[in-house]
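> What would the 3D arrangement of this be:
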Amino acid sequence: DDLDDTERKCDGLVTEIDRLSETITKSAASEAALAEQVADLATQIDQMNEQADAWKVEQETSRAEVAKCREMELEAHDRATDMESSMALLSQQLADEEERCRKLRETVTKLTGHGNNKQKISLHLNLKKEINELQLQNKQLQRDLARSKQRSR
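Just a heads-up that it's a prediction; the model follows:
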């Protein structure tokens with residue numbers, strides 16, 4: 001009786017040992033699978049860190065390009081403002097010279113009725129010379145204004 005009882009206990013212990021051995025084997029396999037998953041996750045983390053570093057470099061490059069574009073925009077705005085001022089000045093000079101030319105033409109018209117032919121011819125030649133000079137100045141101012149308008153575009 002005691003022997004049967006001891007045998008049953010031994011059989012129970014052997015069964016328990018087999019079950020525990022199987023559990024340990026499963027745990028070891030599970031642990032290996034987990035270790036493989038951890039290694040895969042570590043690789044993924046390394047790849048993500050590399051991507052993040054690349055994005056940071058790209059972001060810094062983009063920021064530098066944006067800063068350069070803003071600087072260029074400010075320079076262009078300053079140049080446009082300078083051109084507008086130059087155009088306004090040239091337009092005013094042109095208007096002044098055109099007015100002066102108009103007044104000289106009026107003077108020529110009034111003086112052409114002069115009685116002394118020599119004086120009339122001399123005055124006419126002087127006025128013609130001055131008108132030609134003014135017309136040259138006027139053409140030069142018009143060219144300058146046109147160039148200034150082209151540059152501002």
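> can you give me the strands in the protein?
With DSSP state E, there are no strands along the chain.
> lowest-pLDDT helix or strand in it?
Lowest by mean pLDDT, DSSP states H and E among the helices and strands of the chain is helix 117-152, with a mean of 87.
> can you give me the offset of that one from its chain's centre?
Centroid separation for helix 117-152 versus its chain: 45 Å, with Cα atoms, centre = their mean, to the nearest Å.
> residues of that helix that come out buried?
Buried residues in helix 117-152, counted by 16 or more other Cβ atoms under 10 Å: 123, 127, 134, 138, 141, 144-145, 148. (C-beta placed from N, C-alpha, C; glycine too.)
> Tell me which two in the residues you listed are the farthest apart.
Farthest apart among the buried residues of helix 117-152 by Cβ to Cβ are Leu123 and Ser148. That separation is 36.5 Å.
> Return the per-residue confidence for Asp5.
Per-residue confidence (pLDDT) for Asp5: 84.
> How about the one 10 residues further on?
At Thr15 the predicted local distance difference test score is 90.
> ok, it - contacts?
By Cβ atoms under 8 Å, 6 or more residues apart in numbering, no residues touch Thr15.
> mind checking how far the residue positioned nearest the centre of the chain is from Arg63?
Closest to where the C-alpha atoms of the chain average out (Cα atoms, centre = their mean) is Cys69, at 3.2 Å. Computed as Cβ to Cβ, to the nearest Å, the Cys69 to Arg63 distance reads 11 Å.
> can you list the buried residues of helix 117-152 in CSV and add distance to Asp96?
Formatted as CSV, the buried residues of helix 117-152 follow (distance: Cβ to Cβ, whole Å):
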residue, distance to Asp96
Leu123, 24
Leu127, 19
Leu134, 11
Asn138, 10
Leu141, 9
Asp144, 14
Leu145, 13
Ser148, 16
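> nearest to Asp53, of those residues?
Nearest to Asp53, judged by Cβ to Cβ, of the buried residues of helix 117-152 is Ser148 at 50.2 Å.
> and the longest helix for this protein?
helix 2-111 (DSSP state H).
> how far away is Gly40 from Thr25?
Careful, residue 40 is Asp; it's not Gly. Separation of Asp40 from Thr25 (Cβ to Cβ) stands at 23 Å.
> This completes my enquiry, with thanks.
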